[in-house]
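Visitor: sequence and predicted structure, then a few things I'm wondering about:
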Protein chains: 2
Amino acid sequence: MKISGRNYIGYRTSTQNSKTFNTFNPKLNTPNPWSFNEASDEEIDEACSLAEQAFLEYKLIPGVRKAEFLRSIANEIEGLGVELISVYTQESGLPEGRAIGERGRTMGQLRAFASLLEEGSWVEATIDTAQPNREPQPKVDIRKKLFPIGPITVFGSSNFPLAFSTAGGDTASALAAGCPVIVKSHPMHAGTGELVASAIVKAAEKTGMPNGVFSNLNSSGIEVGEQLVLNPKIKGVGFTGSIKGGMALHKLAGERQEPIPVFAEMGSINPVVVLPSALLENGENWAKQYASSIMLGAGQFCTNPGLILATKGTSLDSFIKHLGKEISALESSCMLHPNIHDNYEKEKKELSGQGGVNMVVENEKNVGPNHARQKVVTVNGSNFLKNSKLQREVFGPFSIVVRCEDTNQLEQVISKLDGQLTGTLLGDSTELEKYPKIVQALQSKVGRLLFNGVPTGVEVCPSMQHGGPFPASTDSRFTSVGTAAIRRWVRPITYQNWPEHLLPVELRDENPLEIMRLVDGEHTNRKI
Amino acid sequence: MKISGRNYIGYRTSTQNSKTFNTFNPKLNTPNPWSFNEASDEEIDEACSLAEQAFLEYKLIPGVRKAEFLRSIANEIEGLGVELISVYTQESGLPEGRAIGERGRTMGQLRAFASLLEEGSWVEATIDTAQPNREPQPKVDIRKKLFPIGPITVFGSSNFPLAFSTAGGDTASALAAGCPVIVKSHPMHAGTGELVASAIVKAAEKTGMPNGVFSNLNSSGIEVGEQLVLNPKIKGVGFTGSIKGGMALHKLAGERQEPIPVFAEMGSINPVVVLPSALLENGENWAKQYASSIMLGAGQFCTNPGLILATKGTSLDSFIKHLGKEISALESSCMLHPNIHDNYEKEKKELSGQGGVNMVVENEKNVGPNHARQKVVTVNGSNFLKNSKLQREVFGPFSIVVRCEDTNQLEQVISKLDGQLTGTLLGDSTELEKYPKIVQALQSKVGRLLFNGVPTGVEVCPSMQHGGPFPASTDSRFTSVGTAAIRRWVRPITYQNWPEHLLPVELRDENPLEIMRLVDGEHTNRKI
């Protein structure tokens, strides 16, 4: 398929605006050949109006048919074949293996939501049957289930051109919920975005979804996204990116007359707390695992471990030495874009220059263009406590090891941390019992708590929580990964005294879908 | 118990500020004898600090012990006996029967949350067990449940001195979730508030809850509430009241560095759509029922039916005549406060003076002080469509009947409505099938959809949704009534590869609480 550079407004493509931009190949350090037309004001309005119209029809389509749509998207993405992989690698600098893996994850996510819809219990059907003889007043029949909230804007993320972008988790969860989606394509991988958008549109047409259930808009700046967030037809926003970007959208949404949920997954330094036994018994192994975790995807994961906390001593000295050795032995790799690379170098330098920060190791070999030179530094606990800048996320393969005086200071450091996506404890299980305050302090800061592992590698499953206290995300009550992500885009509606045969099928006595429901306080999949 | 007028800061009472205010008896049209000390800045800070401290302990207390606390609050409230009823009626102008009924509902809510905790499944335990042999990568064990988010500020509402105030649904749901609560007591019923606060504090002491799990602050103005919303230790806000008040808090929270959920349940005119058969067969009966519903509690319910929509004709004329007759036959009753009464008269007059609005009936008899004179007006569909002022809530026994040209205009009128708590359809079930667009249009505007009933009278049960699209509430994804209200104050935390015996009890293999869990995709209460 030829990349057209056009905007996808429902089932048609459009180029009203002559302003164009190109994507960039960071490995070759040259622009890619494809140019993209910025979406015009009219195109944005049209996409929103189509989405609003499409919502009226799309929300009434049964779950099993929406599931067909999602499965069809996955198949169409697969059908893009090597071209998708090739454009992905040219636009991201990431290797082919990563592209193939991320494509698999993206298709897996779509199919997981399809399965969720096919199973059907996700609507949280809740039924309280009538009690006509209740005293002092009879009780009428009341039944509730979840319904979609309306058109959603999704911002593609820079670091996951597939799994958190055009047909990523935000889009998949919103479409599964019954909400049309307008994607503001990420300008760094607009070609990958267009290919995936074409797959979604094809799937929508093939499975008979309404025109406007999906649109994909190009933009190299912030105006298109701003207009989408402010458009009254938009009822929710999904975003993965920087704290600055996420908070700007959150603030903007606050200026709307009608408040809408803005779900922004932002920054995290993913603290790793190394308890004494981990260093005594297993220090070399952890050093090796963490060197790999820091380097994974050129350090461009939101779960990248940027902060390692431990108590000082010879074991820690030895761990740091090993970590430096292991990370030095790894090849540096290409970042997503020269801007991201420049920013990495700048931030790395600024944090390295803070008071009390000492270098452990930095890659100073010759590397290819836009390659991220990994670096590990140390600082003592007192300096860390004094300087909140040291908590800033450096997006790339950079990590700070904090040498704490003792476990009290360790707990103090944890208590001073901002909210995080993840927190990890390394040690043995008796230490979790020995240091309950450390465990509690870390738990209160994170969305996901790990024991003896690395935070990179986010499993897509119902039990996953990807989202933590601010500034990890704008609303820690929701996740952006896993099937529970659907909850962001739905609201309950209650039917009172409604004719049984006209209720939504999930609320009927017969329970024809055999879903799990809460009936008169009891969880059951039986009929009434 | 003597009403002291003091602030409750955890287990102690305090009066730092010499500025005081009194509550008012609207029936006698005189101030009540009790004066209340405004909370000082220091008292606010102390309550917040205590709440933050208390949270560390309170969140770890098992559900069954929190349930004891909630049940003990209900008992202590009952123990306040006739004094509570007497102060309630003196501060609200509402009759004793209502006070007793609302007390019953308040205790019922507390006990419903206690039962929810005792049953335990509400934590949404979700478990995906390890698959060490999975290809290409092994899967680690991941488990998730809900945890409380932190100290919550609750604003007492004017119209429910018990059920939506000091120990009302917001407080009960937050305490059940594991969140300490600081109540900004409503100045119109600060005495009722103090009595209930004393009951909560007594219950907390008796059941061994940490100091600071609850505080109650007095204020006649807006500053105390503003400071609470801006305090970084506060992690969520519950509010029931006007659109103006709710949006001011929402906007204020938007100025915080850390975004927090503000759950404001605001205005609603609760449209009632009368389909032709309802008027043909049952018009007199509906006129009688709606006259009572409009008059209930002096029209001071958030579910008061302020808008009746129907197609013009002799049946509608006859319904309007009967509605006028029935409502005229009812005694007007006392409103909560002279300010509320003044506002009612002002708003009623302003809406009655809009173009095309005709009076059906207004009570012009001699009534007691602050009594609400009921009024019903009509307007045709075209005038209603032209004038958005006619959608404004008039807080009191006032209702507009809109005569639509036909069912098309009826649908148009519904489509123009703002979000609502409830929407009602009167008719027979074949009409629901005959007018699917009307049903869909109404459904998209409301949190609760009723058939053949009146919207007043909100059942407290798991299937209740009290909260609708803006401006009915700031976040339609949540309810403020019913056990699902607990969801507002919790966030999921995931444990990855955690030692089984150190997991929260709800996530352990044995499932000792026998709760319903989602284990490897299956809803089950079995152990693993």
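Guide: Yes, it's here. Numbering: from 1, shown residues only, chains lettered A, B, ... in the order given.

Visitor: from now on I want contacts and neighbour counts done on CA atoms only, so please keep to that.
Guide: Noted.

Visitor: give the burial count for A:Pro499, as a bare number.
Guide: 16 (other C-alpha atoms under 10 Å in any protein chain shown).

Visitor: next: A:Ser18.
Guide: Neighbour count for A:Ser18, taken as other C-alpha under 10 Å: 11.

Visitor: likewise for A:Ile320?
Guide: A:Ile320 has 21 nearby residues by other C-alpha under 10 Å.

Visitor: for A:Lys2, same thing?
Guide: With other C-alpha under 10 Å as criterion, A:Lys2 counts 9.

Visitor: kindly report the same for the one 3 residues further on.
Guide: Counted with other C-alpha under 10 Å, the burial measure for A:Gly5 works out to 23 neighbours.

Visitor: what do you get for A:Ser14?
Guide: Neighbours around A:Ser14, by other C-alpha under 10 Å: 17.

Visitor: now swap in A:Arg256 and tell me
Guide: 13.

Visitor: excluding chain neighbours, what is closest to A:Lys437?
Guide: A:Glu411 (7.0 Å; C-alpha to C-alpha, 6 or more residues apart in numbering or on different chains).

Visitor: please apply the same query to A:His337.
Guide: A:Pro26 (5.3 Å).

Visitor: so the one you found sits right up against A:Ser92, yeah?
Guide: Yes: A:Pro26 lies in contact with A:Ser92 (C-alpha atoms under 8 Å); the separation is 6.9 Å.

Visitor: got any residues that touch both of the two?
Guide: A:Met335, A:Leu336, A:His337 (C-alpha atoms under 8 Å, 6 or more residues apart in numbering or on different chains).

Visitor: put together a markdown table for these, with pLDDT and distance to A:Leu296 on each row.
Guide: Below are these laid out as a markdown table (pLDDT from 0 to 100; distance: C-alpha to C-alpha, whole Å):
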| residue | pLDDT | distance to A:Leu296 |
| --- | --- | --- |
| A:Met335 | 98 | 11 |
| A:Leu336 | 98 | 13 |
| A:His337 | 97 | 16 |
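
Visitor: of those residues, which is the most crowded?
Guide: When neighbours are taken as other C-alpha under 10 Å, the top entry among the shared contacts of A:Pro26 and A:Ser92 is A:Leu336 (30 neighbours).

Visitor: which residue, neighbours along the chain excluded, lies closest to that residue?
Guide: A:Leu336 sits nearest to A:Ser92 (C-alpha to C-alpha, 6+ apart), 4.6 Å away.

Visitor: confirm A:Ser292 sits in a helix?
Guide: Yes: under DSSP: H, G, I helix; E, B strand; the rest coil, A:Ser292 falls within a helix.

Visitor: and it, how many neighbours?
Guide: Neighbours around A:Ser292, by other C-alpha under 10 Å: 20.

Visitor: in contact with it, which residues?
Guide: Contact partners of A:Ser292, counting by C-alpha under 8 Å, 6+ apart, are A:Ile327, A:Leu330.

Visitor: if we go to 10 Å?
Guide: Each residue near A:Ser292 by C-alpha atoms under 10 Å, 6 or more residues apart in numbering or on different chains is listed here: A:Trp286, A:Ala298, A:Gly299, A:Leu323, A:Glu326, A:Ile327, A:Leu330, A:Pro397, A:Val454, A:Thr456.

Visitor: surely the residue nearest to A:Lys437 touches A:Tyr435?
Guide: Yes: if you go by C-alpha atoms under 10 Å, A:Glu411 and A:Tyr435 touch, sitting 9.1 Å apart.

Visitor: who's more crowded, those two?
Guide: Between A:Glu411 and A:Tyr435, counted using other C-alpha under 10 Å, the more crowded position is A:Glu411 (21 against 14).

Visitor: state the pLDDT value of the more buried one.
Guide: A:Glu411 is assigned a predicted lDDT (pLDDT) of 97.

Visitor: which of the three states applies to it?
Guide: Going by three-state DSSP: A:Glu411 is helix.

Visitor: quick check: it vs chain B, distance?
Guide: 14 Å (C-alpha to the nearest C-alpha, to the nearest Å).

Visitor: and if you look at A:Asp128?
Guide: A:Asp128 is 6 Å from chain B, by C-alpha to the nearest C-alpha.

Visitor: kindly report the same for A:Asn7.
Guide: Separation of A:Asn7 from chain B (C-alpha to the nearest C-alpha): 30 Å.

Visitor: strands along the stretch 151-300 of chain A, start to end?
Guide: Using DSSP state E, counting those that start in this stretch, the strands of the stretch 151-300 of chain A run over A:152-155, A:181-184, A:214-217, A:236-240, A:262-265, A:271-274.

Visitor: quickly run through the sheet partners of the first one, with directions.
Guide: Looking back up the chat, that one is strand A:152-155. Here strand A:152-155 has these sheet partners by DSSP bridges: strand A:181-184 (parallel), strand A:236-240 (parallel).

Visitor: of those, which is nearest A:Ala51?
Guide: strand A:181-184 (7.2 Å; C-alpha to C-alpha).

Visitor: neighbours around A:Ser444, how many?
Guide: By the other C-alpha under 10 Å criterion, the neighbourhood of A:Ser444 contains 22 residues.

Visitor: in CSV, list the C-alpha atoms belonging to the longest helix along chain A.
Guide: Counting by DSSP state H, the longest helix found in chain A is helix A:96-119. Written as CSV, here are the backbone C-alpha positions of helix A:96-119 (Å, rounded to 0.1, in the frame of the first residue of the first chain):
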residue,chain,number,x,y,z
GLU,A,96,12.7,-5.4,13.3
GLY,A,97,12.4,-7.9,16.1
ARG,A,98,10.9,-5.2,18.3
ALA,A,99,8.5,-4.2,15.5
ILE,A,100,7.3,-7.7,15.0
GLY,A,101,6.9,-8.2,18.8
GLU,A,102,5.0,-5.0,19.2
ARG,A,103,2.8,-5.8,16.3
GLY,A,104,2.0,-9.1,18.0
ARG,A,105,1.2,-7.4,21.2
THR,A,106,-1.1,-4.9,19.4
MET,A,107,-3.0,-7.7,17.7
GLY,A,108,-3.1,-9.6,21.0
GLN,A,109,-4.6,-6.6,22.7
LEU,A,110,-7.3,-6.2,20.0
ARG,A,111,-8.1,-9.9,20.3
ALA,A,112,-8.2,-9.7,24.2
PHE,A,113,-10.8,-7.0,24.0
ALA,A,114,-12.7,-9.1,21.4
SER,A,115,-12.7,-12.0,23.8
LEU,A,116,-13.9,-9.7,26.6
LEU,A,117,-16.8,-8.6,24.5
GLU,A,118,-17.6,-12.2,23.4
GLU,A,119,-17.7,-13.3,27.1
